[in-house]
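*Asks:* from the sequence below, what's the structure:
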Amino acid sequence: MPVRVLIADDHRLFAEALRAILGGDRRIDVVGLAASGNEAVRKAKELEPDVILMDISMPGMDGFEATREILATQSDVQVLMVTGSDARQDVDAARSAGAKGYVTKDKIAADLIGAILNTAA
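*Replies:* Numbering: from 1, shown residues only. Purely as a prediction, here's the structure:
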């Protein structure tokens, strides 16, 4: 069965590009997109993904808080932070929130599919 992925990123063009990249791999099924932390929490409950690709900076609720809220009720979901920041404090905050991995947007092409599959395993 393919890994069910929810993409949470407020930059629609980036989210659609991720969907296109991941859509070419039969091991991954992108089940939805969320443009805010609040929407990510709602869609995580509704769609029950295996992995959530979570941006840090989003309107309303940021990715750290959304991750904490999702994992408080859905412990079987894995969160992989996908962000433009490689700042040590963001990496630490992501781990503290419960994220299983961290991929910077500049490394997407090389690292993302492997990171998703490793996170889901």
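*Asks:* just the helices in the protein please.
*Replies:* Counting by DSSP state H, one finds helices in the chain at the ranges 12-23, 37-47, 63-73, 88-97, 108-120.
*Asks:* find the residue at the geometric middle of this structure.
*Replies:* L53 (1.1 Å; CA atoms, centre = their mean).
*Asks:* L6: which of the helices of the chain is closest?
*Replies:* helix 37-47 (5.8 Å; CB to CB). C-beta: built from backbone N, CA, C; applies to glycine.
*Asks:* could you dump the helices of the chain to CSV with mean pLDDT and distance to L80?
*Replies:* Output for the helices of the chain, formatted as CSV (pLDDT from 0 to 100; distance: least, CB to CB, whole Å):
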stretch, mean pLDDT, distance to L80
helix 12-23, 90, 11
helix 37-47, 97, 13
helix 63-73, 97, 10
helix 88-97, 93, 9
helix 108-120, 74, 5
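*Asks:* that older thread, the residue nearest to the centre of the chain contacts V3, correct?
*Replies:* No: L53 lies out of contact with V3 (CB atoms under 8 Å); the separation is 11.0 Å.
*Asks:* can you check which residues contact both of those two?
*Replies:* I116 (CB atoms under 8 Å, 6 or more residues apart in numbering).
*Asks:* okay but E39 is in contact with I7, surely?
*Replies:* No: here E39 does not reach I7: they are 11.0 Å apart, not a contact under CB under 8 Å.
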